[in-house]
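Chemist: model this:
(chains A and B)
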Amino acid sequence: MSAYREKFEDEPLRNRIRQNPRPAVAWAAVMAVLLALEFSALVDFVMSWPWASLVGGIADNLPQGLATALTGAAGTIAGFGDWLSNLPRLLTRELIPNQGYETASGWESTFLNLPPALAWAIRVTVVYAYAFAFLYWVWRGYLVFREHYRYANWTPTDDMIDRLRDHRWGQFGLIVVTMFVILAVFAPTLGPTTLEANIASPYTHNIQYFEGGEVKEATVGAANLASQSQGDSQNFGLGSYDDYGRFHPVGTLDTGKDLFTFLAHGARISLFIGVVAIAIGGGIALALSMITAYYKGLVDLVAVLASDSFMAMPRLIVLIMLDVVLANHWISTLYSGGVLLALLFGLWGWPGLWRAIRGPALQVVENEWIDAAESFGQKPTVLMRKHVAPYVIGYLLIYASMSIGGIMIGTAGLSYLGLGVTAPTPEWGRAIASGQDFVTSASWHISIIPGLAITLVVVGFNAMGDGIRDAIDPKSEGASADEAAAAGGA
Amino acid sequence: MSRWSYFAKRLVLSIPVIVFGTSLTFIILYAGPIDPAAAILGQGSTPGERAAIRAQLGLNKPLWGQYIDFMTDMFMFKLGESWVIQSETSVYQLMLQYAPRTIWMGAWAVLIPLFIGIPLGFYAGLNPNTFGDYTASFGGIVWRAMPNFWLAVILMTVLSRSEDVLFGFNWKTFLVTTNVVGPPTGLGDLLNVDNFISATKMILPASIVLGSSSMGNEMRIGRTAMLETKNSNYVEMARAKGLPGRTIVWKHIFRNALIPLIPVITAEAAVLVGGSVLIETVFAINGMGMLFFQSMIQGDVPLAGALMYLFILLLVALNILQDLLYTIVDPRVGYERN
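Modeler: As a prediction, this is how the structure comes out:
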């Protein structure tokens, strides 16, 4: 047994690569190039963590000499990090700027003096091309590993992935979701302007514009006031320029702020709330499903009662209640209330998810190999983690993907009511609320575009869930009641 | 275990559920970071006023004493009165005023998807992979992904300006002259035909929107259920012995295909209650949802607590109703579980 292990199982990946380095090196070389293009952004991200307070906290508890050494070393590292994060990178606003002014001879200070619309479109294309290339290369990495370095030449997961490769509807969902995630991750680069300058503090930022033969300067706030979409009397719709030469891909809000920038940053908070809430709810649901599937009986009954109790309180009603009650609590100040919403959606999300995976968990436990593992004397925790959880996680993914849509709709609904995510952090529901008087007028875009965006993203998440379900369980014929329970929106 | 002892077991098990929900409501509202007395009085209240309110509400007692008072009051259905929204009006009077609108809206919101979503889903399931199936399925997928309140906003604005937008069709004067927004009128006497029509017409847009996600769900699940039942062995058997198609569909497929739809229909109840807040806000229908929202916003804590209790009771009752429906449609259920 141990000889077999030494020979086949425990040989580290490093050795396997050393025996046949070619595919791995080729893959790694391309990956290095891709990473190098955005390396400084990566450093930037790491540097944006609150290192200073962490180091300070540690240094306070150390003797004098050590503390000085530590802060000194930390300072050097921080300086080096700052230098690294200032290295040039591919995806920045500065490399392909779209803000400029139009003189008689054409556009000035935009990318290659192109019109802002074109410059912006190029930047968006470059960002999406880079992101998709990166993701494709990660996928290639998996394929290289599977072909050259994995011992097993077949695992059940391969079949699932192959089924997903033929599943057009699921792929549609995956692409929509990926584009949404890219929009959220690269929001500062993708917007025609920035959150800081355009939405959060427009009166401390200036723009240049061209009027009467000379370049003038105005605050963004003043420019916004002249760019309001107010229905038929004054409107800046899809793909329009305002009087200050600013390009608005999907028009402006009723306050004159740029809707695309608003949407891009709104995608960030939607994604944040959705992912954190699903992580909390799914984590509780998974752990509980393992416990109830193992012990059954009374434990299961208690869990059923607990989930019934949570489900007996309508989620949106409870969220309204808690959001109002905690309005002045410090937790509401984190990410403009986004953290609170994520926690609440997570805490009220587990019953639906647990109900959905309880059945599969109970079924998996009935299998003979579980009895076998148990009779070998495997501990319950190891047993459930290694032999049951992998199967249940697949089902959890289906319902998680479907309930993210419900969470996003719920978040938007709360923002529509004026609760949840507060200004200045953009939230799609708030755009719908601010544009609702203009739906039948020329400024229809304020409400309609965010609503369509939500619909598209939710369809995407549902389609992805469909794809995962058909990949995991090809015998299933389609929708089931559990999905409806998990996906219940608002 | 007979149907009735199964039912009795469900009733007993619902007690801890109600106790938990009500306790949580108490903790959030009375033991949380807000002071109910200060919330009722709003800004600029003096300590003396607050003390007076606290004494009236019994908030001077220790927390466990307040908790016992709250729980016994709720379980004895002493729901108290409103303090801010309509001060010194009992919750029962407010219910008489607000609840009929929400019930009327909810009833249509359940009925409309039932009579549109399920037939469409069954049609799609009976004719899978046809153009009709694809249209219905895709429509259902998009329909249930749309945010309710967004749909409500669009419908409301389009209907308010229907004469300009809908090619001369005027919603306001269609059948009877009504407003687009605002609570439905004539709910007191629905037996009167004119009242019935105007009340239905006023609530219909809100109900359609409120039921939209259920409609999509019922369609999808109805399609799957139909597909699965249609391909089952006993249907093949019925076909083999020469039963006419109509008999097979109505007698053998229909009832079995309904089983997976029951939890969907009742699971929507929670969505309906929650969604009513948003839809009533958009259409300015002064119903229960809006009352709850206003009571929270304006700090009417005693009213909000009582309403929450009523919502919990409603959902628990619907859950029990669901299980009862199960035992009627699928008699195996009650016996199987023991």
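Chemist: tell me the contacts of whichever residue of the stretch 101-250 of chain A sits closest to chain B?
Modeler: Ranked by CB to the nearest CB, the top residue of the stretch 101-250 of chain A for proximity to chain B is A:Trp169, at 9.4 Å. (C-beta placed from N, C-alpha, C; glycine too.) By CB atoms under 8 Å, 6 or more residues apart in numbering or on different chains, the contact list for A:Trp169 reads A:463, A:466-467.
Chemist: and which of these is nearest chain B?
Modeler: Nearest to chain B among those is A:Ala463, at 7.7 Å by CB to the nearest CB.
Chemist: That closest one is in contact with A:His167, isn't it?
Modeler: No. Using CB atoms under 8 Å, A:Ala463 is not in contact with A:His167, being 9.4 Å away.
Chemist: which one of these two has more residues nearby?
Modeler: A:Ala463 (25 against 21; other CB atoms under 10 Å in any protein chain shown).
Chemist: Is that one in a helix, a strand, or coil?
Modeler: Under DSSP: H, G, I helix; E, B strand; the rest coil, A:Ala463 falls in the helix class.
Chemist: What is the neighbour count of the closest residue to it other than its chain neighbours?
Modeler: Of all residues not flanking A:Ala463 in the chain, A:Gly173 sits nearest, at 2.8 Å (CB to CB, 6 or more residues apart in numbering or on different chains). When neighbours are counted by other CB under 10 Å, A:Gly173 registers 23.
Chemist: which of the residues in the helix or strand where A:Gly173 lies are buried?
Modeler: Taking DSSP states H and E as the definition, A:Gly173 sits inside helix A:168-185. Neighbour-count burial for helix A:168-185 flags A:170, A:172-174, A:176-184 (criterion: 16 or more other CB atoms under 10 Å in any protein chain shown).
Chemist: out of the residues you listed, which one sits closest to A:Gly282?
Modeler: Nearest to A:Gly282 out of those is A:Val177 (CB to CB; 16.3 Å).
Chemist: on contacts alone, who are the packing partners of whichever strand or helix holds B:Ile265?
Modeler: Using DSSP H and E, the element containing B:Ile265 is helix B:261-283. Identification of packing neighbours for helix B:261-283 by 3 or more CB pairs under 8 Å, 6 or more residues apart in numbering or on different chains; DSSP states H and E yields helix A:315-325, helix A:481-487, helix B:91-126, helix B:148-160, helix B:193-210, helix B:212-230, helix B:288-297, helix B:301-329.
Chemist: and the direction of that helix versus that of helix B:288-297, what angle?
Modeler: Inter-element angle recorded for helix B:261-283 and helix B:288-297: 60 degrees (by axes from the mean of the first three to the mean of the last three CA atoms, to 10 degrees).
Chemist: circling back to that earlier point, specify the next element, helix or strand, located C-terminal of the helix holding A:Gly173.
Modeler: Scanning forward in sequence from helix A:168-185 by DSSP H and E, the next helix or strand is helix A:187-190.
Chemist: And for the nearest residue to A:Arg315 once chain neighbours are set aside, the neighbour number?
Modeler: Leaving aside its chain neighbours, A:Arg315 sits nearest to A:Trp348 (4.8 Å; criterion: CB to CB, 6+ apart). Residue neighbour count, defined by other CB under 10 Å, stands at 23 for A:Trp348.
Chemist: Okay then, goodbye and thanks.
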